[in-house]
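Student: Need a 3D model of the sequence below.
(4 chains)
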Number of protein chains: 2
Amino acid sequence: MPSDDRKKSRVTLLDVARHANVSRATASLVIRKSPLVGAETRVRVEAAMRELGYVYNMGAARLRAERSHTVGVVVPNLTNPFFAELLSGIEAVIDSAGMVVILANSGDLVERQDMVMRRMREHGVDGVILCPAADTAPEFVERVGEWNLPLVQVLRHVSEDVDYAGVDYAAGMRQAVDYLASLGHRKIAFAVHGPVHSAYLERIEGFREAMVSRGFDPGMIIRVPYQTARIPASAHLLFDKGEEPTAVICFNDVVALGLSAGLHDLGREVGENFSLVGFDDVAEAEVMRPRLTSVSTGPVTIGENAARLLLDRLIDPMLPPRRVVKETQLHIRQSCAPLAVTTL
Amino acid sequence: MPSDDRKKSRVTLLDVARHANVSRATASLVIRKSPLVGAETRVRVEAAMRELGYVYNMGAARLRAERSHTVGVVVPNLTNPFFAELLSGIEAVIDSAGMVVILANSGDLVERQDMVMRRMREHGVDGVILCPAADTAPEFVERVGEWNLPLVQVLRHVSEDVDYAGVDYAAGMRQAVDYLASLGHRKIAFAVHGPVHSAYLERIEGFREAMVSRGFDPGMIIRVPYQTARIPASAHLLFDKGEEPTAVICFNDVVALGLSAGLHDLGREVGENFSLVGFDDVAEAEVMRPRLTSVSTGPVTIGENAARLLLDRLIDPMLPPRRVVKETQLHIRQSCAPLAVTTL
DNA sequence: CTGAAAGCGCTTACAG
DNA sequence: CTGAAAGCGCTTACAG
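Tutor: Numbers count the residues shown, from 1 in each chain, chains lettered A, B, ... in the order given. As a prediction, the model looks like this:
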């Protein structure tokens, strides 16, 4: 009978307090592990909670305490395994801080991002980790700060005045170019795709600088389709311009996988008469044949960094803006060959 | 000055009501788009909300209305691209229902799953979509129902009495076996890995039945490592038993990718003198060489189905348990060859 | 169609 | 160390 009516049956803190013969305030202190309450009392209250099957009502607590123990995470794309790994890193540290993540997808569209951020505010998240959609205005993320909503940018950044956790894309490109140069390559292409944002531009800029500083032509940049399945058929773009490259650096491993297939279709032997470098170093790199040489970015770690940045800011909102930019690492496998061999 | 003090400055519904010269109740009705309020009044209240920069406080609303507009999603693994796609489908329909997803990772561990589910309750989610960790007891998911917490199982199921959205794994295996049989294969291996759960057992069972019904030996089941990078080196397991298979069906595309590399390393030519079928049909299948023939499961759709099941149950909690089991589809590409060619 | 009052389940000072 | 009271920002009957 009593468990028959649905909501009404909720066990409240007051029930627990009565059952344990203490006041509601005392019970509240026990829950929050305050040292103010005596050991004997604590044990009694805890027993009462167990016996009654009490469940803490975070919603009620939040209303009073103005903290929701939730953080919003908004990414432009959930399908991409790269974001899945990022999310995994974020979730792990947010979880171990006793908080919970509210997830949203902006679809890389600023209008959707507006909506999503409003929804986050309505849900009273304590802070948000945002990978800004392409074309996000700096004012947008700065405005969030004015709402008293702590924010950290992840992977992409549009404002210098807001925390950022990412990776040194430009240095990663330099590592790739240096490595290929050490093998004797000078005609190196760069295959890009997808929406334009800071992480995109940094890669392009890094490529350009690295090429120019060695006196190489930085102009061999091709754009391949965003859709994975259509990348192989675009491999011919590498050879359509005047001078043929002997190596290609890829925007990410998805492009590397696609071009690798496309080069194969064109009769090129990757790792023998053509060299290919990936970017991100996802798990698949190890099981490609030839094994893919790739610049590792470590999305899980980036996610962890972003979450820690946010946690710090929650503790001290007055912290000056910080950036945690992780170094990349070139993971050499088998997809590149010395130019000598290439020209045989 | 007024925006200087942080929390205190929140604009409340009462502020809006005063600004618009109506009562708080009326303002509340406007927000919830009740038809009870006059057009002129509505416009005035909406203008006030805009002018004041009002943000709805979901937390306060939930406390009174006993609905949080949040749903919990707990998956065993965030890193796996398959779950990322599932999540993407869930998020899309939850979002368009005006709700928000709280995400958690059970790590496929029942103890962590206990914790996570408790956290979900504390946060007052309206329902949860759960991919049960391996070894989850049926009682566990049934108990959730007794908490008055609507639950749907996704991808894996441990109880018949609780909603389930998944895919017909057994039929998928049958499709794979039938196809290989049509090419003349009879010595077909099955390569599995990972934790044991319903989706695992259904695949094994489907394989066994399909093989036995044709009079083939269903005993060639090998277990490869869970870690992607270690799969290629385990390809020799296919040939360690007495009879050598001429084809292998893989537990999923990750296994297919790994074994494809391992077979290559052993000097076998996939799609020529050895046949290989994947499972899941992820985007990468199209860019493998040879292109991977794979049984497609469509995780995005499964996620959408699960979310809709939950939404329905939220509307009517008394619905009998339902299951939405999607059909698989064999996507034929190039990784299988007729046995005739194989034996040449 | 609108207003005044009570209450959702906590936490927070403030006394004792 | 514990108790009584007020209040977080909404929604819900209940009158008018």
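
Student: quick one, phi psi at the residue nearest to the spatial centre of chain A?
Tutor: Nearest to the mean C-alpha position of chain A, by Cα atoms, centre = their mean, lies residue A:86 at 3.7 Å. The phi/psi pair for residue A:86 (degrees, to the nearest 10) reads phi -60, psi -50.

Student: give the contact list for it.
Tutor: A:75, A:131, A:154, A:155, A:299, A:300, A:302, A:303, A:306 (Cβ atoms under 8 Å, 6 or more residues apart in numbering or on different chains). C-beta coordinates here come from the backbone N, C-alpha and C atoms, glycine included.

Student: Tell me the one among these nearest to chain B.
Tutor: Distance to chain B across the contacts of residue A:86 (Cβ to the nearest Cβ) is lowest for residue A:300, with 7.7 Å.

Student: In a helix, the closest one, correct?
Tutor: Yes - under DSSP: H, G, I helix; E, B strand; the rest coil, residue A:300 sits within a helix.

Student: Report the contact partners of it.
Tutor: A:85, A:86, A:88, A:89, B:79.

Student: Is there proximity between stretch A:301-317 and DNA strand C?
Tutor: No - on the criterion Cβ under 7 Å from any atom of the strand, stretch A:301-317 is out of touch with DNA strand C, staying 14.4 Å away.

Student: That stretch: how far from the chain's middle?
Tutor: 13 Å (Cα atoms, centre = their mean, to the nearest Å).

Student: Going by neighbour count, list what's buried in that stretch.
Tutor: Buried residues in stretch A:301-317, defined by neighbour count with 16 or more other Cβ atoms under 10 Å in any protein chain shown: A:301, A:302, A:303, A:304, A:305, A:306, A:307, A:308, A:309, A:310, A:311, A:313.

Student: Just the ones in helices from those, please.
Tutor: Counted as lying in helices by DSSP state H, out of these, are A:301, A:302, A:303, A:304, A:305, A:306, A:307, A:308, A:309, A:310, A:311, A:313.

Student: any chance of those in a markdown table, with distance to chain B too?
Tutor: Formatted as a markdown table, these follow (distance: Cβ to the nearest Cβ, whole Å):
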| residue | distance to chain B |
| --- | --- |
| A:301 | 13 |
| A:302 | 14 |
| A:303 | 10 |
| A:304 | 13 |
| A:305 | 17 |
| A:306 | 15 |
| A:307 | 13 |
| A:308 | 18 |
| A:309 | 19 |
| A:310 | 16 |
| A:311 | 17 |
| A:313 | 14 |
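
Student: Give me the distance between residue A:45 and DNA strand C.
Tutor: Going from residue A:45 to DNA strand C by Cβ to the nearest atom of the strand, to the nearest Å gives 12 Å.

Student: do residue A:28 as well
Tutor: 3 Å.

Student: what's near enough to touch that residue?
Tutor: If you count contacts by Cβ under 8 Å, 6+ apart, residue A:28 has them with residue A:13.

Student: Then it would be within a helix, right?
Tutor: Yes - assessed with three-state DSSP, residue A:28 lies in a helix.

Student: Whatever helix or strand residue A:16 lives in close to chain B?
Tutor: Element membership for residue A:16 (DSSP states H and E) is helix A:13-19. No - on the criterion Cβ under 8 Å from any Cβ of the partner chain, helix A:13-19 is out of touch with chain B, staying 12.7 Å away.

Student: just how off-centre is that helix within its chain?
Tutor: For helix A:13-19, the distance to the chain centre is 43 Å (Cα atoms, centre = their mean).

Student: now what about that helix, what contacts it?
Tutor: Residues from elsewhere that reach helix A:13-19, judged by Cβ under 8 Å, 6+ apart: A:23, A:24, A:26, A:27, A:28, A:31, A:45, A:48, A:49, A:51, A:52, A:54.

Student: Lowest-confidence entry in the contacts of residue A:300?
Tutor: Looking at those, model confidence by pLDDT dips furthest at residue B:79: 86.

Student: Was I right to think that one contacts residue A:85?
Tutor: Yes - counting by Cβ atoms under 8 Å, residue A:85 is a contact partner of residue B:79 at 5.6 Å.

Student: Between these two, which has more neighbouring residues?
Tutor: Ranked by neighbour count (other Cβ atoms under 10 Å in any protein chain shown), residue B:79 and residue A:85 place residue A:85 first, with 25 against 18.

Student: Can you say which of the contacts of helix A:13-19 are buried?
Tutor: Using 16+ other Cβ under 10 Å, the buried members of the contacts of helix A:13-19 are A:26, A:27, A:28, A:31, A:45, A:48, A:49, A:54.

Student: Show me how the record splits chain A into domains.
Tutor: Listed by automatic domain parsing, the domain ranges of chain A are A:11-56, A:69-166+A:299-325, A:169-298+A:330-343.

Student: and of the ones you listed, who's closest to DNA strand D?
Tutor: Shortest distance between DNA strand D and the domains of chain A, using Cβ to the nearest atom of the strand, is found for domain A:11-56: 3.0 Å.

Student: Briefly note if the closest one comes near DNA strand D.
Tutor: Yes - Domain A:11-56 lies within reach of DNA strand D by Cβ under 7 Å from any atom of the strand, at A:21, A:22, A:23, A:24, A:25, A:26, A:29, A:35, A:36, A:37, A:38, A:41.

Student: Next up, the contacts around the fourth one.
Tutor: In this case it means residue A:24. By Cβ under 8 Å, 6+ apart, the neighbours of residue A:24 are A:13, A:14, A:17.
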